[in-house]
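Colleague: Curious how this folds, go ahead:
(4 chains)
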Protein chains: 2
Amino acid sequence: MDGAEATTPRERYRAQVRAEIKERAWEQIATAGASALSLNAIAKRMGMSGPALYRYFASRDELITELVRDAYRSLADTIRAARTAGADPTGLAHALRGWALADPQRYFLVYGTPVPGYHAPDDITAIASEIMASLLDACAELSADGPATPFDAHLADHRDWAGDHPAPPATLHRALTFWTRLHGVLSLELAGHFTGMGFDPARFYDAELADLLSVPAKS
Amino acid sequence: MDGAEATTPRERYRAQVRAEIKERAWEQIATAGASALSLNAIAKRMGMSGPALYRYFASRDELITELVRDAYRSLADTIRAARTAGADPTGLAHALRGWALADPQRYFLVYGTPVPGYHAPDDITAIASEIMASLLDACAELSADGPATPFDAHLADHRDWAGDHPAPPATLHRALTFWTRLHGVLSLELAGHFTGMGFDPARFYDAELADLLSVPAKS
DNA sequence: CGGGTTCGTTAGAAGTTGTAACTCACCTTC
DNA sequence: GAAGGTGAGTTACAACTTCTAACGAACCCG
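Modeller: Below you'll find the predicted structure:
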């Protein structure tokens, strides 16, 4: 029985309108960026007057926060789906890149320029932790030999972010570099900093990935 | 008669007011981000009425573009200064991190979330090229042995961005990874994605840097 | 069928970017 | 020195934005 929640017609309608608002918001963000998002424009495109939207979202910030939440959820789902499909770190990296290229502005909603005052709600940071956990799981499948670096030692003493994951420091280190290096390539590519440089970003991404998975040879 | 490039009092006054506008703009950006920049607020804080600013900048976008230009120039100057001071890639990396930490929003003005429609003027991309040239110069001092990777081969055929720099493909590759890996760590640190994770971002940065400078062991 | 909840409306406050027209001071030229 | 052009700053205004307040009307439920 899937009637997990007995939704009244009103609740269903409300959910549908909220969904359509978010849909229009995504369209607007994809074409003009998050800073150009206008509640008024969304309302008019939906055939309603501006203030009507405030029945569904208390403020513009709340709508954007909800979009950020959805972006995190979408990324977490993508990563989790890749994992349950048996993906190794390589598959995970390609899933990440596909997700990012599908909607660059969604990627930047997660990893882009932060607003100085803003602090994400706890549930969003929880999703971020889940993503890191999946990444740790994937990296745990790789061999963790190679010499221990000074930073490995530091990580052994500062592994708050790993929760109670039993991975050894070298694996923590690999997960971290996995994250930051792929983000380094991906964010610059999505921001257009590679355009006109001549090389193929996909090949560079794969090269970084290959280096990441090669035998750890840190000195 | 002509050839008098001596600045008139009017030009000096104009330059000074422009400079003060940009100064206030930087203050605002540092505390609330570039999207919250308000010409009106700047004017009021300077004791002028709103439209007066349009004598100095044709639009909000033009002011922001000018700030982006200054940010690029500042970064290029920092890199160049480090180079002329005899800095190796390590020194260059530390100069970069210091510059970024001094004003995170300035870093994001250069490497942050792009506005979909926006294309930087040519003079800005020229500064970006100069930065890459400095980085290439620094990397050229390092030994470029180690096995050639498939991506090295690709770079050998797609080296538009290197101009006529005589560096071998392995050096191009190293400069690229230098850029993207350090940006990966730095941007996530500045965006606050490491807060609460426990480890020290500076150590992680140095670890990535050390790995970058270790003997190339890509297979 | 009445009553409460909720939705959507219009009106309006306070903010923004940007234009137009006017004043006034300064600088140059006669 | 007087006249006039140039440019800075002003106010007024249009068109937008977010968001609040008050009102009407539709809906659901007892």
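
Colleague: who does whichever helix or strand A:Ile21 is part of touch, helix- and strand-wise?
Modeller: Assigned by DSSP states H and E, A:Ile21 belongs to helix A:9-32. Under the contact definition 3 or more CB pairs under 8 Å, 6 or more residues apart in numbering or on different chains; DSSP states H and E, helix A:9-32 sits against helix A:39-45, helix A:60-84, helix A:104-111. Quick note: C-beta positions are derived from backbone N, CA and C, even for glycine.

Colleague: Let's see that with 6 Å instead.
Modeller: Helices and strands touching helix A:9-32, as assessed by 3 or more CB pairs under 6 Å, 6 or more residues apart in numbering or on different chains; DSSP states H and E, are absent.

Colleague: How far away from the center of its chain is that helix?
Modeller: Here helix A:9-32 is found 20 Å from its chain centre; the criterion is CA atoms, centre = their mean, to the nearest Å.

Colleague: contacts for it?
Modeller: A:37, A:42, A:45, A:56, A:67, A:105, B:116 (CB atoms under 6 Å, 6 or more residues apart in numbering or on different chains).

Colleague: from those residues, which is closest to B:Leu212?
Modeller: Within these, the smallest distance to B:Leu212 is 30.2 Å, found for A:Gln105 (CB to CB).

Colleague: Domain parsing of chain A, as residue ranges.
Modeller: A:1-57, A:67-213 (automatic domain parsing).

Colleague: about what we covered before: the helix holding A:Ile21 relative to helix A:104-111, how many degrees between them?
Modeller: Computed by axes from the mean of the first three to the mean of the last three CA atoms, to 10 degrees, the angle separating helix A:9-32 from helix A:104-111 equals 100 degrees.

Colleague: Give the full set of residues in contact with A:Ala138.
Modeller: Residues in contact with A:Ala138 (CB under 6 Å, 6+ apart) are A:89, A:92.

Colleague: Any chance you could note which residues of chain A sit beside DNA strand C?
Modeller: A:10, A:13-14, A:17, A:43, A:47-52, A:55-56 (CB under 7 Å from any atom of the strand).

Colleague: Any regions of chain A where pLDDT drops low?
Modeller: Applying pLDDT under 70 to chain A picks out residues A:1-6, A:215-219.

Colleague: Up against chain B, what does it have?
Modeller: Residues of chain A lying near chain B by CB under 6 Å from any CB of the partner chain: A:32-33, A:35, A:108, A:112-116, A:151, A:154-155, A:158, A:160-161, A:180-181, A:183-185, A:188, A:191-192, A:197-199, A:203, A:207, A:211, A:214, A:217-219.

Colleague: quick one: the nearest residue to A:Pro89 once chain neighbours are set aside from DNA strand C, how far?
Modeller: Nearest non-adjacent residue to A:Pro89, counting by CB to CB, 6 or more residues apart in numbering or on different chains: A:Ala138, 4.8 Å away. Look at A:Ala138 and DNA strand C: by CB to the nearest atom of the strand, to the nearest Å, they are 42 Å apart.

Colleague: and if you look at A:Asp152?
Modeller: Here the criterion is CB to the nearest atom of the strand. By it, A:Asp152 lies 49 Å from DNA strand C.

Colleague: so where does that residue fall, helix or strand?
Modeller: Using DSSP H and E, A:Asp152 sits within helix A:150-157.

Colleague: For that helix, buried residues please.
Modeller: Going by neighbour count (16 or more other CB atoms under 10 Å in any protein chain shown), the buried part of helix A:150-157 is A:151-152, A:154-155.

Colleague: Is it possible to mark the buried ones in the residues of chain A next to chain B?
Modeller: Counted by 16+ other CB under 10 Å, the residues of chain A next to chain B give A:32-33, A:108, A:112-115, A:151, A:154-155, A:158, A:161, A:180-181, A:183-185, A:188, A:191, A:197, A:199, A:207, A:211, A:218 as buried.

Colleague: looking at the domains of chain A, which is buried most?
Modeller: Neighbour counts (mean count of other CB atoms under 10 Å in any protein chain shown) averaged over each of the domains of chain A peak at domain A:67-213, with a mean of 18.

Colleague: Just checking it against DNA strand D, any contact.
Modeller: No. Domain A:67-213 stays clear of DNA strand D (CB under 7 Å from any atom of the strand), getting no nearer than 13.1 Å.

Colleague: tell me how far the ends of that domain are from each other?
Modeller: Domain A:67-213 has an end-to-end distance of 33 Å (CA to CA, to the nearest Å).

Colleague: same check, this time on stretch A:31-50
Modeller: End-to-end for stretch A:31-50, by CA to CA: 21 Å.

Colleague: Do any residues in it lie close to DNA strand D?
Modeller: Yes. Using CB under 7 Å from any atom of the strand, stretch A:31-50 comes into contact with DNA strand D via A:37-41, A:50.

Colleague: quick check, distance from that stretch to the centre of its chain.
Modeller: Relative to the chain's own centre, stretch A:31-50 is displaced by 24 Å; criterion: CA atoms, centre = their mean.

Colleague: now swap in stretch A:87-97 and tell me
Modeller: The answer for stretch A:87-97 is 13 Å, by CA atoms, centre = their mean.

Colleague: can I get the CA coordinates of it in CSV?
Modeller: Only the C-alpha atoms of stretch A:87-97 are listed here, as CSV (Å, rounded to 0.1, in the frame of the first residue of the first chain):
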residue,chain,number,x,y,z
ALA,A,87,30.0,1.5,-9.7
ASP,A,88,33.7,1.8,-8.7
PRO,A,89,35.3,5.2,-8.2
THR,A,90,35.7,5.6,-11.9
GLY,A,91,32.0,5.0,-12.5
LEU,A,92,31.2,7.4,-9.7
ALA,A,93,33.4,10.1,-11.2
HIS,A,94,31.6,9.7,-14.5
ALA,A,95,28.3,9.9,-12.8
LEU,A,96,29.4,13.1,-11.1
ARG,A,97,30.5,14.6,-14.4
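
Colleague: who's in contact with it?
Modeller: Here stretch A:87-97 makes contact (CB under 6 Å, 6+ apart) with A:78, A:82, A:138, A:182, A:209.
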